[in-house]
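1. Kindly return the folded structure for what I paste below:
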Amino acid sequence: MRIGKARYLAPVAALVVMASACSNDDGQSTEEAQEENASLEATDLNPAPREDLQEGGQFVWALSEYEDQYNMVHIQGNKADVRRVMAGLMPSITRFQPDGTYEPREEYVLDYGVSEDGLTVDFTLNPDATWSNGEPVTWEDYAAQVAVINGEVEGEFEIQGDDGYKYIEEVVEGEDEFSFTLEFSQPYSDWPALFDIVYPKEYMQDEELFAEGYTEGEEFVTAGPFANPEFDEVTQRITVSRNDDWWGDPALLDEIIFVNVAIDGQATAFNNGEIDGFYLGYDSAGYKLLEGKEGAYFTRAVNNGHRFVSVNAGSEILSDKNVRHALAMGINRDTLANVALSPVDWPITGEVNRLLRSSQHGYQDNSGELGEYNPERAGELLDEAGWTLEEGAEFRTNADGETLTLSYVASDDMQLAKDEADITREMLAEIGIEVDVQHVPGNALFSDYIIPGNYELAAFVLTGSNPYATSSAGNFGGPYDEDGEDWGNNVSFHSTPEINDLFEELGQETDPDRYAEIANEIDAAIWDEVLTVPMFERPGQYVLKDNLHNWGEFGLAGDYVYEDIGWAKDEE
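-> Okay, the predicted model is just below:
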């Protein structure tokens, strides 16, 4: 699909000068930035014990999209904003800690454990766990989810990926309906990340319920500390209420109201008292507006995500590896990081890893020469690929006279995304690549462009819901069918046997040193294929009202303890 052309909005030189003007006052070196980054907390939730918080109240939580699909097993439902809503409504098996350790989430799983050979995992479920329709949460719900993900259910199911589940050979009922065993074909070391969300069995067994049962207008079956999601498409709000039938610690809040606010408008909404908390990240205008604001709490911790330029290697023009290599060398990642991070006073380390965060064992940058800005070498690679720059021409053409043109989609409600597109366009023009930029609605970016592959370049973020590098297998592996057409979560639409084999090896590794070594080998292999061009690790910078607690940057913990989010008690 070829999408329309937009004219230049700002010269790259002007944007770089702007970024330089906003750089740290102390002229922080790369080494100093790396030291500051290493000193960041693993999490920053403005923490407070439950006994210091009031019972009741509502929390207005800003999201950047109003979604259609809330089944996270569905390919269109595997999004961060969907998880924010559903994590307080649905079961999961593991509670991760900021240091990457874990324990069973006892509201749903009383105990679990893996055998010495790694081939079986036994589960004892909490018999108190109950769906909102009155049915108990049993082993059958878990078995149904495994079956649909592994393609064992007849029908057309759009599955987002089979990470880890593909190794499960059988789900065996235990002594009763509240116990079961997973039998694996090979050890899978990251099994605690399975079942990070669980749906009722009937929604995994029927293709219509799978596709439509968790969409707006349907009555969701839930089993969490919050329940009864109410959707208002006009105001773009989703309201969830305390579940009075919840069997765990009761939710402190009466309600959470999730409201869709354009990314560039969230700081203004917070300043006007319209929302209580939001992810600030690299919103330079928002940072300037709120810096020093009384009653505002800024989190500062490591985020489990990174920002990158996604490369659709499945498109005909980017199927040539030399072209992708040239693309990587033609993009100055330091400039893009500086534009994003300098205005929000975040350390610019010059390092990023797709699979490991800077707080994790073995973290390193694996970019090598492909991560270095080298327009001269990029031009040579394009020549070798048959894209030549004729004398006096602005852009390269091939032997058929076709112009080397790439489509770049950018969210129209995020200024940084638009700036990144403009900067990338001008950088690539320097090596003879024409880039057509189209600004698209934020709500449509993924559903209409990224997931269907209707793009060639786009910048966005991947965030992790657990500490494990294997969780990225679906983003960089595949294909997942014999015809080579099903790529699941891999929106680069390309991979290699080497990458897939390394992820297989990673999933079986229990030694932390070797695990980190394999993760870095994978990152290097992804660099060699240029499935993405990483820019920087995402800042763990949220803004919330300072009397709101247990919410903000959760880091490797992967999610919030929703029932513990609450407001400080009024001072007497």
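
2. Tell me the pLDDT of the closest residue in space to D245 that isn't next to it in sequence.
-> Once flanking residues are discounted, D245 sits nearest to T130: 6.9 Å by CB to CB, 6 or more residues apart in numbering. Using the backbone N, CA and C atoms, a C-beta is placed for each residue, glycine as well. In this model, T130 is scored at 98, pLDDT.

3. Repeat that for M329.
-> The score at M329 is 98. That number is its pLDDT.

4. does it sit in a helix or strand, and which one?
-> Per DSSP states H and E, M329 falls inside helix 321-330.

5. And for G295, the neighbour number?
-> The number of residues packed near G295 is 9, by other CB atoms under 10 Å.

6. Which residue comes closest to it once chain neighbours are left out?
-> Beyond its immediate neighbours in the sequence, the residue positioned closest to G295 (CB to CB, 6+ apart) is D546, lying 5.4 Å away.

7. Show the model's pLDDT score for the one you found.
-> Reading off the model, D546 has pLDDT 98.

8. How about M1?
-> pLDDT for M1: 28.

9. What of the one 3 residues further on?
-> G4 is assigned a pLDDT of 31 by the prediction.

10. Now N37: closest residue in space that isn't a chain neighbour?
-> N37 sits nearest to P347 (CB to CB, 6+ apart), 4.6 Å away.

11. Run a quick neighbour tally on the closest residue in space to G368 that isn't next to it in sequence.
-> Once flanking residues are discounted, G368 sits nearest to W527: 6.7 Å by CB to CB, 6+ apart. Applying other CB under 10 Å, we find 22 residues neighbouring W527.

12. In terms of secondary structure, what does the helix or strand hosting A147 contact?
-> Under the criterion of DSSP H and E, A147 resides in helix 139-149. Judged by 3 or more CB pairs under 8 Å, 6 or more residues apart in numbering; DSSP states H and E, helix 139-149 is in contact with strand 120-125, strand 168-173, strand 179-184, helix 202-205.

13. With distance to R354 as added columns, please give those in CSV.
-> As requested, the helices and strands packed on helix 139-149 are arranged in CSV below (distance: least, CB to CB, whole Å):
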stretch, distance to R354
strand 120-125, 27
strand 168-173, 26
strand 179-184, 26
helix 202-205, 30
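
14. I'd like to know which of these is closest to Q145.
-> With CB to CB, the closest approach to Q145 among the helices and strands packed on helix 139-149 belongs to helix 202-205: 5.2 Å.

15. Can you give the distance of that closest one from its chain's centre?
-> Its chain's C-alpha centre lies 26 Å from the corresponding centre of helix 202-205 when counted by CA atoms, centre = their mean, to the nearest Å.

16. Could you identify the helix or strand that succeeds it?
-> The first helix or strand that comes after helix 202-205 along the chain, using DSSP H and E, is helix 207-212.

17. Same question for that following helix: list its buried residues.
-> Within helix 207-212, the residues scored as buried using 16 or more other CB atoms under 10 Å are L209, F210, A211.

18. As JSON lines, those with distance to R307 and pLDDT would be great.
-> Formatted as JSON lines, these follow (distance: CB to CB, whole Å; pLDDT from 0 to 100):
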{"residue": "L209", "distance to R307": "36", "pLDDT": "97"}
{"residue": "F210", "distance to R307": "32", "pLDDT": "96"}
{"residue": "A211", "distance to R307": "31", "pLDDT": "96"}
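
19. Am I right that the residue nearest to G368 is in a helix?
-> Yes - counting by DSSP: H, G, I helix; E, B strand; the rest coil, W527 is found in a helix.

20. Let me know the distance separating it from V311.
-> From W527 over to V311 the distance is 11 Å, taken as CB to CB, to the nearest Å.

21. Then T124?
-> Distance from T124 to V311, by CB to CB: 45 Å.

22. ok, those two, which is more surrounded?
-> Each of T124 and V311 has its neighbours counted (other CB under 10 Å); V311 has more, 26 against 17.

23. which ones are touching the more buried one?
-> Contacts for V311 were tallied using CB atoms under 8 Å, 6 or more residues apart in numbering; they are L318, R324, L327, E456, L457, S492, V530, L531, T532, V533.
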